[in-house]
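Participant: I'll drop the sequence and a predicted model, then ask my questions.
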Amino acid sequence: MENTLLYILMLAILFLANATAGGCFPSSEEAVSHVWLPGGGTNFYGVEATLDVYGFTFKPDQASQASIWIANRGDGNPSSLNGFQAGWHISPTRYKDSNTHFYTEWTSAETKKGCLNMECPGFQKTSTSIAPGDIINPVSDINGKKQYITIRLFKDKSTGDWHVYYGFNGAPKPVGYFPESLLPGLKDKPVEISFGGLVYHRKPQPSPPMGNGLFPATTLAASFSGVKLIDEDGNNHDVTTDLPYRVSLTRCYFISTMSNGLFFYGGPGCDD
């Protein structure tokens, strides 16, 4: 049963990825992720994690991202997905450049709408210093100094709004929020929380690197660390055990087990 739920969630993530990357079918998307599934009387309504950030030069029909997803799958069909995500990505189709960007994105099956960053009404920005879509600079050197972003996403119990906090090499600070009315499919419903990497490409472009291009057989690979789940009262819960994971194309990308809130992920890409 758990494997079935993970597979359905993976399909939903890939469906959402196509829109985020600015693509349209036919295309190829591949993802690796750890996932927390609600159940057993325990629900969480937020997550915090620190991601090291990397850069590549991509073609317009390639994209790569490292993200946190909060979603409700609806009836299991990818088109019934409700949720939002935040992280870093490289998407020349979206930005007309190959820089690494901080981003947010949301989708609602009820309203049949969705949006990246501030491209349409939805996300309410409160920060005067950071906005979704901003370039992240500098980025990490695989063999040298690492650069990090910390993302914190959580539901405000009193308002039902979903808040986004972001920090570059430091503690996360408020960026803005998704109003409860924007995501009715998440109201009073359990959510699934995923974190990992995702790539997109349209042939004949090859599948691009994920993370920093290294498989997670080495600690030099890209990572998520300090993973915490957040309860309805805003309390942090360290993830001290492994979580289920899903990999859509194991010969191109992979993900390590999680240990004390740390895992590695990524891969060089390949002809799929």
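Facilitator: Looks like it arrived, so ask away.
Participant: going forward, measure contacts between C-alpha atoms and count neighbours the same way
Facilitator: Noted.
Participant: What is the least confident helix or strand in this protein?
Facilitator: helix 2-20 (a mean of 48; mean pLDDT, DSSP states H and E).
Participant: Just checking, which helix or strand succeeds that helix along the chain?
Facilitator: Next in sequence after helix 2-20, counting helices and strands by DSSP states H and E, comes strand 28-36.
Participant: Just name whatever secondary elements that next one is in contact with.
Facilitator: Contact analysis of strand 28-36 by 3 or more Cα pairs under 8 Å, 6 or more residues apart in numbering; DSSP states H and E lists helix 2-20, strand 192-201, strand 245-247, strand 254-255 as its packing neighbours.
Participant: Swap in 6 Å and give it another go.
Facilitator: strand 192-201, strand 245-247 (3 or more Cα pairs under 6 Å, 6 or more residues apart in numbering; DSSP states H and E).
Participant: pLDDT (mean, whole number) over the helix or strand that that strand is followed by?
Facilitator: With elements assigned by DSSP H and E, the helix or strand that comes after strand 28-36 is strand 46-52. Per-residue pLDDT values across strand 46-52 average out to 98.
Participant: go on, stretch 203-220?
Facilitator: Taken as a whole, stretch 203-220 has an average pLDDT of 93.
Participant: What lies in contact with that stretch?
Facilitator: Stretch 203-220 has contacts (Cα atoms under 6 Å, 6 or more residues apart in numbering) with 54, 64, 201, 221-222, 256, 264-271.
Participant: How about stretch 107-114?
Facilitator: 80, 81, 82, 83, 106, 183.
Participant: Now the terminal residues of it, how far apart.
Facilitator: Stretch 107-114 has an end-to-end distance of 4 Å (criterion: Cα to Cα, to the nearest Å).
Participant: buried ones in it?
Facilitator: 107, 108, 109, 114 (16 or more other Cα atoms under 10 Å).
Participant: For it, give the mean pLDDT please.
Facilitator: Across stretch 107-114, pLDDT averages out at 81.
Participant: Equivalent analysis for stretch 117-127, please.
Facilitator: For stretch 117-127, the mean pLDDT works out to 94.
Participant: Geometrically speaking, which residue is the centre of the chain?
Facilitator: Relative to the mean C-alpha position of the chain, the nearest C-alpha, by Cα atoms, centre = their mean, is the one of residue 67, at 1.9 Å.
Participant: residue contacts, that residue?
Facilitator: 86, 87, 195, 196.
Participant: ok, residues contacting whatever helix or strand residue 226 lives in?
Facilitator: Following DSSP H and E, one finds residue 226 within strand 222-230. For strand 222-230, contacts defined as Cα under 6 Å, 6+ apart pick out 44-51, 211-212, 236-239, 261-265.
Participant: How far off centre is it?
Facilitator: How far strand 222-230 lies from its chain's middle: 12 Å, per Cα atoms, centre = their mean, to the nearest Å.
Participant: Give me the angle between that strand and strand 28-36.
Facilitator: Here strand 222-230 runs at an angle of 40 degrees relative to strand 28-36 (axes from the mean of the first three to the mean of the last three Cα atoms, to 10 degrees).
Participant: which stretches of the stretch 51-200 of the chain have low pLDDT?
Facilitator: Along the stretch 51-200 of the chain, segments meeting pLDDT under 70 span 74-79.
Participant: quick one: residue 146 and residue 209, what's the gap?
Facilitator: Separation of residue 146 from residue 209 (Cα to Cα) stands at 18 Å.
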